[in-house]
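A.B. asks: sequence below, structure please.
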Amino acid sequence: MFSFIPLDSQWFWAFCLNVILIAIAQNLPLLTRSGWVHAGGLGTILWGCLGWRGWLSVVLYLLLGSLVTRLGFSRKQQAGLAEGRGGRRGPENLWGSAATGAVLAILIGAKLGSENLLLVGFAASFAAKLADTFGSEIGKRWGTRTVLITTFRSVPAGTDGAISIEGTLASALGSFLMTLCTVGFYFVEIGSFAVLVFISGLLATLFESLLGAVLQKKFTCLTNEVVNGLQTSFSALFAMTIASILY
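C.D. replies: Predicted coordinates for the structure are as follows:
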């Protein structure tokens, strides 16, 4: 389906198109200036390995994530729960979310491993991250009762490892929307693999909450970006493991 094309063709155009698009889009309030530079590198990798569909699927992830971040943004700012820099993501946020997907895209482009399984993992990694963004942003703004996932004791919104009913439902919506995108771009087929991607994305948000509640305060190396990387890796590995059994 996909091919690892030499630098003088698809990779060349991938680089040129991303430079042009980043130059046009850099004034949008989505990423910091350095974040846009790194986004150009990520976009080149995705287009070079997966073609325009891989690139566009992650652009949609970024747009949906940025949109939900801005819902009720002023209220979240007043409560001290809003993302810094006016909601703009930096390079650390970008790679914390997309490093797993980028590695899988490179493996697909280099024809290392089963393409079908790697595409399932690619889809699941971004389903997990959009689920996390939806759950976190909507839960912080509209969660009526926030509890710690390990004890179900009430805690303030924004606490590491905190969940709410509203946030969990929002996570399910985020995973569902990203699954639809990957189905629409033919990364996974409608049926058991699509359901698997959706479930993996949702389960990964609970895994991320467990990491936050149990380990994040104990280990300073577990920054939010590292936890995001572990979450997306968990989702991808879980989906690929189950898919390998089904496939």
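
A.B. asks: and stretch 216-235, which residues are buried?
C.D. replies: Judged by neighbour count using 16 or more other C-beta atoms under 10 Å, the buried positions of stretch 216-235 are 216, 222, 225, 227-235. Bear in mind the C-beta positions are built from the backbone N, C-alpha and C, glycine included.

A.B. asks: what does that stretch contact?
C.D. replies: 92-93, 95-101, 124-129, 132, 160-161, 200-201, 203-205, 207-208, 211-212, 215 (C-beta atoms under 8 Å, 6 or more residues apart in numbering).

A.B. asks: helix or strand right after the strand or helix carrying Ala204?
C.D. replies: Ala204 is part of helix 192-214 when elements are defined by DSSP states H and E. Beyond helix 192-214 on the C-terminal side, the first helix or strand identified by DSSP H and E is helix 224-246.

A.B. asks: okay, angle between that next one and helix 192-214 too, please.
C.D. replies: 140 degrees (axes from the mean of the first three to the mean of the last three C-alpha atoms, to 10 degrees).

A.B. asks: how far off centre is helix 224-246?
C.D. replies: 11 Å (C-alpha atoms, centre = their mean, to the nearest Å).

A.B. asks: quick one: mean pLDDT for it?
C.D. replies: Averaged over helix 224-246, pLDDT sits at 94.

A.B. asks: just stretch 164-173 next, same as before
C.D. replies: For stretch 164-173, mean pLDDT is 94.

A.B. asks: please apply the same query to stretch 111-121.
C.D. replies: Here the average pLDDT along stretch 111-121 is 94.

A.B. asks: going forward, the N-terminal residue is numbered 29.
C.D. replies: Okay, using 29 as the starting number, the last item reads as stretch 139-149.

A.B. asks: for that stretch, buried residues please.
C.D. replies: The neighbour-count check on stretch 139-149 (16+ other C-beta under 10 Å) flags 144-149 as buried.

A.B. asks: can I get the residues you listed in a markdown table including secondary structure and distance to Ser164?
C.D. replies: As requested, the buried residues of stretch 139-149 are exported to a markdown table (DSSP: H, G, I helix; E, B strand; the rest coil; distance: C-beta to C-beta, whole Å):
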| residue | secondary structure | distance to Ser164 |
| --- | --- | --- |
| Asn144 | helix | 31 |
| Leu145 | helix | 29 |
| Leu146 | helix | 27 |
| Leu147 | helix | 26 |
| Val148 | helix | 24 |
| Gly149 | helix | 23 |
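
A.B. asks: which of these sit farthest apart?
C.D. replies: Maximum pairwise distance in these, criterion C-beta to C-beta, is 10.0 Å, between Asn144 and Gly149.

A.B. asks: need the nearest residue in space to Phe150, chain neighbours excluded.
C.D. replies: Excluding the flanking residues, the one nearest Phe150 by C-beta to C-beta, 6 or more residues apart in numbering is Leu132, at 4.5 Å.

A.B. asks: who touches the helix or strand containing that neighbour?
C.D. replies: Counting by DSSP H and E, the element that carries Leu132 is helix 119-137. For helix 119-137, the surrounding residues in contact (C-beta under 8 Å, 6+ apart) are 30-32, 59-60, 62-63, 65-67, 70, 73-74, 76-78, 82, 86, 89, 93, 141, 143, 146-147, 149-150, 153-154, 157, 251-257, 260-261, 264.

A.B. asks: re the thing from before, state the number of residues packed around the residue nearest to Phe150.
C.D. replies: 26 (other C-beta atoms under 10 Å).

A.B. asks: same check on Pro57?
C.D. replies: Neighbour number of Pro57 under other C-beta under 10 Å is 11.

A.B. asks: is it in a helix, a strand, or coil?
C.D. replies: Put simply, Pro57 is coil when judged by DSSP: H, G, I helix; E, B strand; the rest coil.
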